[in-house]
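Chemist: Mind folding the following:
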Amino acid sequence: MNLSDYEEIKDILVTEFDEFWKPSILESELKSENSKYIVAKENGKIVGFAGLWFSPVDAEITNIVTKKTERKRGIGKALLDRLIEMAREAKRDNISLEVNENNVPAGSLYEKAGFEIAGIRKKYYNGKDNAIIMTKYL
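Modeler: Predicted coordinates:
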């Protein structure tokens, strides 16, 4: 993902991709040396994107987002698989993420990919929903 991709989707992030960060946060992530973002495109249009933040020893998935109209087509899984591959290529020890306890489809996707529950962040989302911390050792 680059800044031109960001320009393409910045005005539709909230409406087309669900509750997401403010566009300015994504823009700053794209400019960070520690972050890498990828996009999934179909017919030249972005249908999903995902981000990875690198520390010296591990990687953290910042988000995996699929356009509302394109869900249940395997786009999220393809993005997740690529993020795992990127972490391995960067020789990181593990990859982790946080998922809303109420997001059962995402939690199931991560479990199938080999992530294990490592902890819980109480009331992490909107001050009410817990975040489940999941890790996959590479």
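
Chemist: quick one: buried residues of the lowest-mean-pLDDT helix or strand in the chain?
Modeler: Ranked by mean pLDDT, DSSP states H and E, the weakest helix or strand in the chain is helix 13-17, scoring a mean of 82. Under the neighbour-count criterion of 16 or more other Cβ atoms under 10 Å, helix 13-17 has 13, 16-17 buried. C-beta here means a position set from N, CA and C on the backbone, and glycine is covered the same way.

Chemist: which residues make contact with it from outside it?
Modeler: For helix 13-17, contacts defined as Cβ atoms under 8 Å, 6 or more residues apart in numbering pick out 9, 20-21, 23, 26, 65-69.

Chemist: of those residues, closest to residue 124?
Modeler: Nearest to residue 124, judged by Cβ to Cβ, of the contacts of helix 13-17 is residue 21 at 14.2 Å.

Chemist: Kindly indicate whether the closest one is helix, strand or coil.
Modeler: Of the three states, residue 21 takes coil under DSSP: H, G, I helix; E, B strand; the rest coil.

Chemist: just the strands in this protein please.
Modeler: 35-42, 45-54, 58-66, 94-100, 116-125, 129-137 (DSSP state E).

Chemist: For the fourth one, give the mean pLDDT please.
Modeler: For strand 94-100, mean pLDDT rounds to 96.

Chemist: Spit out the contact partners of residue 119.
Modeler: Residue 119 sits in contact with 132-133, where contact means Cβ under 8 Å, 6+ apart.

Chemist: Can you tell me how far it is from residue 99?
Modeler: Residue 119 sits 12 Å away from residue 99, taking Cβ to Cβ, to the nearest Å as the criterion.
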